[in-house]
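Engineer: Coordinates for the following, if possible.
(one chain, ligands or ions: 2)
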Amino acid sequence: MDPVRNPYSPGAGTRPPALVGRDREIDAMDVALQRLLLGRDGRSQLLTGLRGVGKTVMLNEFEQCAGGRGYFHEHIEVGEDGKLAPRLASGFRRVLLSMDAKRRIGERIVRALGVLKAFNLKLPDGPELTIDVDVVLGPADSGDLGTDLAGLFVELGEVARDHGTGVLLTIDELHYVAQPTLEALVMGLHRASQLRLPITIAGAGLPSLATLTGEAKSYAERMFTFPSIGSLDGDAAREALVVPAADEGVAWEERALERVLDVTRGFPYFLQEFGKQAWDVSDGPEAITLDDVERSIPVATAELDEGFFRVRSGRTSDPERSYLRAMAELGPGAVRSGEVAALLGRSTTDLGFVREGLLRRALCYSPRWGEIEFTVPMFDEFMKRWIPELPSAPG
Ligand SMILES: Nc1ncnc2c1ncn2[C@@H]1O[C@H](COP(=O)(O)OP(=O)(O)OP(=O)(O)O)[C@@H](O)[C@H]1O
Ligand SMILES: [Mg+2]
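Structural biologist: Ligands and ions are numbered 1, 2, ... in the order given. Prediction:
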């Protein structure tokens, strides 16, 4: 059928034509944002889930809610380097400047920018920010990240409150941030939340993000919920496919739908990819049939292998690939590192550095001590397609 009218949207963070199965989280966030504006407590969210389940899409949705409620918002994406503070500094600067542009805040913004300037100068790896005001020493330049972030959040929160608005920062790929930095972020925000200031963060990351400990954990639990999002259940997955087609006057044959639900297991990215390819191969004009789906499966699989899976596995060394392949041999879910090593004829210690590398780059995570699991759904099947034979020992 006409590719121009194809409604499906596989891609990183691309809004799906029908955003289904996430009403609870979206509604809760909208309530929290409204409560914060009223000077009440409101619990934001730290979303966790595997690759391609729709975390970034949710953060974008939260931004939309925030915009609709008169908030200023900024989006930050953490990279593999794990640096957070410099990215926050740039984000805060953008928020302050846009608040000033829209609300003509004047003197108060000059002070807030001065505080931010002092914060940034104190950072060992501070970005080069053009902040054309005098430094304001004191609130955010002690050198202790938690204290300084608290100073910044309070500063921004007060400006927002005094001008009848709020601030939402969305932070994506938060799992790359090291534990002490994450704790500093939580402690910093906690101060602003104690003062009931209308400023908050919504974050997203891989399942390893849910490992906050100690004092930071008890603070975090007061300020956030931790929804884990994953594949869509049967009804929602159906809706994700049926609604966008229906909007174009096209129906899905029941058997065709079932086949796609079966191969994708309801994972959002895969639904979009298989929906897209089935649409493209179908002759239509009014229905997508089982035959269309069967013909599109090899195409969709190849697209996923070249795009989704390859991109998310990044550059891998030979030993890493062998390790991933051995994991795949043991099954789709969590596997014991000891068994992976045994399968490769090596000791766990021998392969410690390979395992560490995969964890650091977030190709895998460790759900429990001594266990390791892929962060990408159905990655085991991809590894078996990529490397059909299990290698004997890593090079
Ligand atoms: N609730 C949903 N219903 C239907 N499709 C969805 C839903 N959420 C996300 N998608 C689709 O899934 C794909 C992946 O979404 P997104 O990039 O937000 O995932 P992610 O969890 O951020 O992945 P990654 O960890 O790789 O960054 C997109 O093509 C998006 O359109
Ligand atoms: Mg994402």
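
Engineer: Point out the residues in the stretch 251-395 of the chain that sit beside ligand 1.
Structural biologist: 268-269, 271-272, 312 (CB under 6 Å from any ligand atom). In short, each C-beta sits where N, CA and C put it, glycine included.

Engineer: farthest pair in those residues?
Structural biologist: Farthest apart among these by CB to CB are 271 and 312. That separation is 16.9 Å.

Engineer: follow-up on the earlier one: any chance of JSON lines for the residues of the stretch 251-395 of the chain next to ligand 1, columns neighbour count, secondary structure and pLDDT?
Structural biologist: Shown next, in JSON lines, are these (neighbours: other CB atoms under 10 Å; DSSP: H, G, I helix; E, B strand; the rest coil; pLDDT from 0 to 100):
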{"residue": "268", "neighbour count": "28", "secondary structure": "helix", "pLDDT": "98"}
{"residue": "269", "neighbour count": "25", "secondary structure": "helix", "pLDDT": "97"}
{"residue": "271", "neighbour count": "28", "secondary structure": "helix", "pLDDT": "98"}
{"residue": "272", "neighbour count": "25", "secondary structure": "helix", "pLDDT": "98"}
{"residue": "312", "neighbour count": "19", "secondary structure": "helix", "pLDDT": "84"}
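
Engineer: the helices in the stretch 101-250 of the chain, which residues?
Structural biologist: 107-122, 145-162, 179-194, 214-223, 234-247 (DSSP state H, counting those that start in this stretch).

Engineer: show me what contacts residue 178?
Structural biologist: residue 82 (CB atoms under 8 Å, 6 or more residues apart in numbering).

Engineer: again, but for residue 330
Structural biologist: When contacts are counted by CB under 8 Å, 6+ apart, residue 330 touches 339-340, 343.

Engineer: Now tabulate the residues of the stretch 251-395 of the chain next to ligand 1 in a markdown table and tack on distance to residue 181.
Structural biologist: What follows is those, written out as a markdown table (distance: CB to CB, whole Å):
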| residue | distance to residue 181 |
| --- | --- |
| 268 | 29 |
| 269 | 29 |
| 271 | 35 |
| 272 | 33 |
| 312 | 24 |
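
Engineer: Low-confidence ranges, the stretch 251-395 of the chain, go.
Structural biologist: 393-395 (pLDDT under 70).

Engineer: Just the closest residue of it to ligand 1, please.
Structural biologist: The minimum distance from the stretch 251-395 of the chain to ligand 1, using CB to the nearest ligand atom, falls at residue 268 (3.4 Å).

Engineer: Spatially, what comes nearest to that residue if we skip its sequence neighbours?
Structural biologist: Excluding the flanking residues, the one nearest residue 268 by CB to CB, 6 or more residues apart in numbering is residue 54, at 4.6 Å.

Engineer: Show the pLDDT at that neighbour.
Structural biologist: pLDDT recorded at residue 54 is 97.

Engineer: hmm, back to that, contacts with ligand 2 among the residues of the stretch 251-395 of the chain next to ligand 1, please.
Structural biologist: When these are checked against ligand 2 using CB under 5 Å from the ion, none falls in range.

Engineer: With respect to residue 86, which of the residues you listed is nearest?
Structural biologist: residue 312 (25.0 Å).

Engineer: ok, that closest one to residue 377 distance?
Structural biologist: 10 Å (CB to CB, to the nearest Å).

Engineer: Find residues that contact each of the two.
Structural biologist: Shared contacts of residue 312 and residue 377 (CB under 8 Å, 6+ apart): 51-52.

Engineer: Quick check: residues of the stretch 151-300 of the chain near ligand 2?
Structural biologist: Contacts of the stretch 151-300 of the chain with ligand 2, taken as CB under 5 Å from the ion, are absent.

Engineer: for the stretch 1-150 of the chain, same thing?
Structural biologist: 55-56.

Engineer: Phi and psi next, for residue 357.
Structural biologist: For residue 357, the backbone dihedrals (degrees, to the nearest 10) come out as phi -60, psi -40.
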